[in-house]
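Peer 1: task: produce atomic coordinates for the following.
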Amino acid sequence: YGDSRRRMKPAETAAFAPLMISDVARNLRRVFGLTEMLKNEAPKGAVKPLRAHIVGAGTMGCYIAARCVVCGIEASLQDLSEEQTQKALARAKKLFKRRLKTRQAVDAAVTRLIADPEGRHVPRADLVIEAIVEDLEIKRKVLAGLEAKMKPDAILATNTSSLKIEDIAKPLKDPGRLIGLHFFNPVAQLPLVEVVLGVGGREEEVRKGCAFVTAIRKYPLIVKSCPGFLVNRVLAPYMLDGARRYQEGEPREKIDQAALNFGMPMGPLELSDIVGLDICKHVAETLNLGPVEDSELDRLVKNGKLGKKTGEGFYVWEKGKPKRQQASFDEEDLELLGRELIRPMLDECERALAERIVESADHVDAGVIFGTGFAPFRGGPLHYRKQEKTGGP
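Peer 2: The predicted structure is shown next:
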């Protein structure tokens, strides 16, 4: 248009209406509505926690504490290892420098993040989160010790990704007090937190957990306690199907490119490498997703090739990125493969809804979009499947 505003305006007007009523625009407006739905899970007028105590200074505990601090909550960080704690504080400071605009803000954030190896800040905390190893007995022991020191009205939470909340809570004096707060890695990028209600748990505690999640500017999704909760449960079949196809001879680059073309943020093989193939195998066994023994996944794990963290898995990793072989694939083949790759996820979403793991189909869609990065322009997995079946919006 020759940089002419006069000529551009009529063209923009003609293009705007079809764009506004397109399926993509309609689906993206739907996604905005889903964010508002999740925000409303927190009680109106809920009091924002002022102090949080996190037990476990590993990657997840570190970034949960850092997120609290960035959002104005004082956080104390407890770990048995002084070295691990200092590494966590250093990682957090780097994050503060990236996220905060001024030196004064960074310095204030560093002051709000407190190393607390002995747990002296537990009695002052409004919220205590356990984020240690996925071992039932160790979690029980740690949480029982924390419960004895906490304020009566403080939130007690575990960041477990696979254990049932009611199993962890059994030894507590007040088992109904414990909730799950399942964050996703990387914490800074994925906006969802699953707030898990165990059998015998109290709705009041879950709603307090939702208030905390919104206070740190994330979206709470209330889920029932079950293996994998919602997000890991529906994501695992997608990842394992990609591994199966690779084992059967499909090129890994084709598998991952097909997922990208569909709209996923990354393909199942790259995602598996990032998560860790040992963790993928553990999740598959926990969820009983078919035989894992003697599979390509099993072979890689036995050979110590666990993905990005060891430098090799399905891909070889260099400087934090997977090395890919240059190849081109037919676009129609990629489109068909992308739809096939996503089918196990859609099937599991329907089963999770039937079992009432979350309240509604909209909650399934919200959880999978914000917890896995499922293509937002498709409106969510169940919405997408409904459109595919009916051929309409």
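
Peer 1: low-confidence ranges, the stretch 51-200 of the chain, go.
Peer 2: Applying pLDDT under 70 to the stretch 51-200 of the chain picks out no residues at all.

Peer 1: how about the strands in this structure?
Peer 2: Per DSSP state E, the chain has strands spanning 51-55, 74-78, 113-115, 127-130, 155-158, 178-183, 192-197, 219-224, 317-318, 321-322. These are given in chain order.

Peer 1: give me the neighbour count for the residue nearest to Gly180 when sequence neighbours are not counted.
Peer 2: Ranked by Cβ to Cβ, 6 or more residues apart in numbering and with sequence neighbours excluded, the top spatial neighbour of Gly180 is Val196, at 2.8 Å. For glycine as for every other residue, the C-beta is placed from the backbone atoms N, C-alpha and C. The burial count assigned to Val196 is 28, neighbours taken as other Cβ atoms under 10 Å.

Peer 1: am I right that Val196 is in contact with Phe229?
Peer 2: Yes. Distance between Val196 and Phe229: 6.0 Å, which falls inside the contact criterion (Cβ atoms under 8 Å).

Peer 1: need the overlap of contacts for the two.
Peer 2: By the contact definition Cβ atoms under 8 Å, 6 or more residues apart in numbering, Val196 and Phe229 are jointly contacted by Gly180, His182, Val223.

Peer 1: looking at the residues you listed, spot the one nearest Val70.
Peer 2: His182 (19.7 Å; Cβ to Cβ).

Peer 1: okay, and the beta partners of the nearest residue to that closest one once chain neighbours are set aside?
Peer 2: Take His182 and drop its neighbours on the chain: the residue closest to it by Cβ to Cβ, 6+ apart is Glu194, 4.0 Å away. Under the criterion DSSP bridges, Glu194 forms beta bridges with His182, Leu221.

Peer 1: the helices in the stretch 201-350 of the chain, which residues?
Peer 2: In chain order, the stretch 201-350 of the chain shows helices spanning 203-215, 231-247, 252-262, 268-275, 277-286, 296-302, 331-354, with DSSP state H, counting those that start in this stretch as the criterion.

Peer 1: which strands or helices does the last one pack on?
Peer 2: Put plainly, it is helix 331-354. For helix 331-354, the packing partners by 3 or more Cβ pairs under 8 Å, 6 or more residues apart in numbering; DSSP states H and E come out as helix 231-247, helix 252-262, helix 361-372, helix 381-390.

Peer 1: now the last one, how far from the centre of its chain.
Peer 2: Between the mean C-alpha location of helix 381-390 and the chain-wide mean there is a distance of 23 Å, by Cα atoms, centre = their mean, to the nearest Å.

Peer 1: cool, the third one as well?
Peer 2: Relative to the mean C-alpha coordinate of its chain, helix 361-372 is positioned 11 Å out (Cα atoms, centre = their mean).

Peer 1: output it as PDB - backbone C-alpha positions only.
Peer 2: Coordinates of each C-alpha in helix 361-372 appear next as PDB, following Å, rounded to 0.1, in the frame of the first residue of the first chain:
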ATOM      1  CA  ALA A 361     -15.300 -29.800  30.200                       C
ATOM      2  CA  ASP A 362     -14.300 -26.100  30.400                       C
ATOM      3  CA  HIS A 363     -12.000 -26.900  33.400                       C
ATOM      4  CA  VAL A 364     -10.400 -29.700  31.400                       C
ATOM      5  CA  ASP A 365      -9.700 -27.400  28.500                       C
ATOM      6  CA  ALA A 366      -8.300 -24.700  30.800                       C
ATOM      7  CA  GLY A 367      -6.100 -27.100  32.600                       C
ATOM      8  CA  VAL A 368      -4.600 -28.600  29.400                       C
ATOM      9  CA  ILE A 369      -4.100 -25.200  27.700                       C
ATOM     10  CA  PHE A 370      -2.400 -23.600  30.700                       C
ATOM     11  CA  GLY A 371      -0.600 -26.700  32.000                       C
ATOM     12  CA  THR A 372       0.700 -28.200  28.800                       C
END
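
Peer 1: let me see the domain layout of this structure.
Peer 2: For the chain, automatic domain parsing gives the domain ranges 51-224, 231-390.

Peer 1: any idea which of these gets closest to Thr35?
Peer 2: For the domains of the chain, proximity to Thr35 was assessed by Cβ to Cβ; domain 51-224 is nearest, at 6.3 Å.
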